[in-house]
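Colleague: Sequence first, then the predicted structure, then my questions.
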Amino acid sequence: MMGDKEQAYKRPDIFTFHHYRSFLIAWFEYLKKAHSLSLRKLAQKSNLSCAYLPLFIAGKRKMSASALSSIVAHLKLNSQERRCLELMRTAAEGISLRSRIRALERIQRFLPYKQLNPAEARTFAYLTHWYFVAIHELAQAKDFRLDALWIQARLRERVPLNEITKALDFLSKEGFFEVAEGKVRVIERDIQCAGEVLSLALRQFHYEIGKVAMNSLDDSPKEQHHILGHTLCLSLDKLKELETIIREALNKIELLGKQSSPATSVFHVNLLFAPLTRTTTE
């Protein structure tokens, strides 16, 4: 039974949050109002420094797995909420991209999360399977066949037939293409990647599709691939200008794809800048 004071304040729903820090900030405020549990009291109960939680709220400290383990018993969360919070921390602070993606996949299995974030779940699934994207693009080819064996033969990287079937089911169910009288009509979907979850999924996509593209350099005709790069020493205040140059180039490449008719093959173009050295402050 909830007391009158607890009922007076809305309990934050963890499944509406996408980052563990933003949830904990809202939850700490709820605990303070509904249960008179201040940050100082919570830190004392958890054997943490009194400065630890304020620094975390201010974004000046990350929360370690051990610190979360220390406070979680005093947060008045149910078992499902606790597990979701632990996975959210891993998704944000995990030591590898794979561990972070795996945590996000497990979060999305919670029924309340699925129900509250259907568009996010769709985009996450699309981006974390490189061949979903490749098949979606391949469907624009004039000779495309809605046949898993035919698609498997066209993909340069081997994908199991059952995964191709799953991809076709997903693309059809989620409205990436329509099938009428055996013919496929591709539908362009606006893929929004804002927010922690989807930006991480986008990183996974670039990582996976980049590996596939690099592998294809060895077995594709030389006239079908081209690789260029340039290494330079640059001041940090020029990075926005560099980003603008890349975005302008990408816009021209996207336009080229729209003007290509009839399309025959799928290509991946990768434009990237990333640091090879650390700054002196790092």
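Modeller: That came in fine, so what should we check first? Computed from a predicted structure; not experimentally measured. Numbers count the residues shown, from 1 in each chain.

Colleague: Please count neighbours and contacts with C-alpha atoms only from this point.
Modeller: Will do.

Colleague: which residues touch the one helix or strand residue 25 maps to?
Modeller: With elements taken from DSSP states H and E, the one containing residue 25 is helix 20-35. The list of residues contacting helix 20-35 from outside it, by Cα atoms under 8 Å, 6 or more residues apart in numbering, reads 5-12, 14, 17, 37-39, 56-57, 75, 85, 88-89, 92.

Colleague: helix or strand right after it?
Modeller: Using DSSP H and E, the helix or strand that follows helix 20-35 towards the C-terminus is helix 39-45.

Colleague: packing partners for that following helix?
Modeller: Here helix 39-45 is seen to pack against helix 52-57, helix 65-72 when contacts are counted using 3 or more Cα pairs under 8 Å, 6 or more residues apart in numbering; DSSP states H and E.

Colleague: in what helix or strand does the most centrally placed residue in the chain lie?
Modeller: In the chain, the C-alpha nearest the mean C-alpha coordinate belongs to residue 201, at 2.2 Å (Cα atoms, centre = their mean). Using DSSP H and E, the element containing residue 201 is helix 196-219.

Colleague: Give me the number of neighbouring residues for residue 228.
Modeller: If you count neighbours by other Cα atoms under 10 Å, residue 228 ends up with 5.

Colleague: Spit out the contact partners of it.
Modeller: Here residue 228 is in contact with no residue (Cα under 8 Å, 6+ apart).

Colleague: SS state for it?
Modeller: Using DSSP: H, G, I helix; E, B strand; the rest coil, the structure places residue 228 in coil.

Colleague: And the one 5 residues further on, by the same measure?
Modeller: The three-state label for residue 233, taken from three-state DSSP, comes out as coil.

Colleague: Can you give me the pLDDT of it?
Modeller: Residue 233 is assigned a pLDDT of 94 by the prediction.

Colleague: picking that back up, buried ones in the helix holding residue 25?
Modeller: With burial defined by 16 or more other Cα atoms under 10 Å, the residues of helix 20-35 counted as buried are 20-21, 23-24, 26-31, 34.

Colleague: I'd like those as a markdown table, with pLDDT appended.
Modeller: Listed next are the buried residues of helix 20-35 as a markdown table, based on pLDDT from 0 to 100:
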| residue | pLDDT |
| --- | --- |
| 20 | 95 |
| 21 | 95 |
| 23 | 96 |
| 24 | 97 |
| 26 | 97 |
| 27 | 97 |
| 28 | 96 |
| 29 | 95 |
| 30 | 96 |
| 31 | 95 |
| 34 | 93 |
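
Colleague: Just send those residues back as JSON lines, with distance to residue 62 too.
Modeller: Formatted as JSON lines, the buried residues of helix 20-35 follow (distance: Cα to Cα, whole Å):
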{"residue": "20", "distance to residue 62": "10"}
{"residue": "21", "distance to residue 62": "9"}
{"residue": "23", "distance to residue 62": "14"}
{"residue": "24", "distance to residue 62": "12"}
{"residue": "26", "distance to residue 62": "16"}
{"residue": "27", "distance to residue 62": "17"}
{"residue": "28", "distance to residue 62": "16"}
{"residue": "29", "distance to residue 62": "19"}
{"residue": "30", "distance to residue 62": "21"}
{"residue": "31", "distance to residue 62": "21"}
{"residue": "34", "distance to residue 62": "26"}
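
Colleague: Quick check: end-to-end length of stretch 124-139?
Modeller: From its first residue to its last, stretch 124-139 covers 20 Å (Cα to Cα, to the nearest Å).

Colleague: Tell me which residues are up against that stretch.
Modeller: By Cα under 8 Å, 6+ apart, stretch 124-139 touches 144-145, 151, 159, 164, 167-168, 171, 176-177, 184-186, 197-198, 201-202, 204-205, 208-209, 264-266.

Colleague: Alright, calling it a day.
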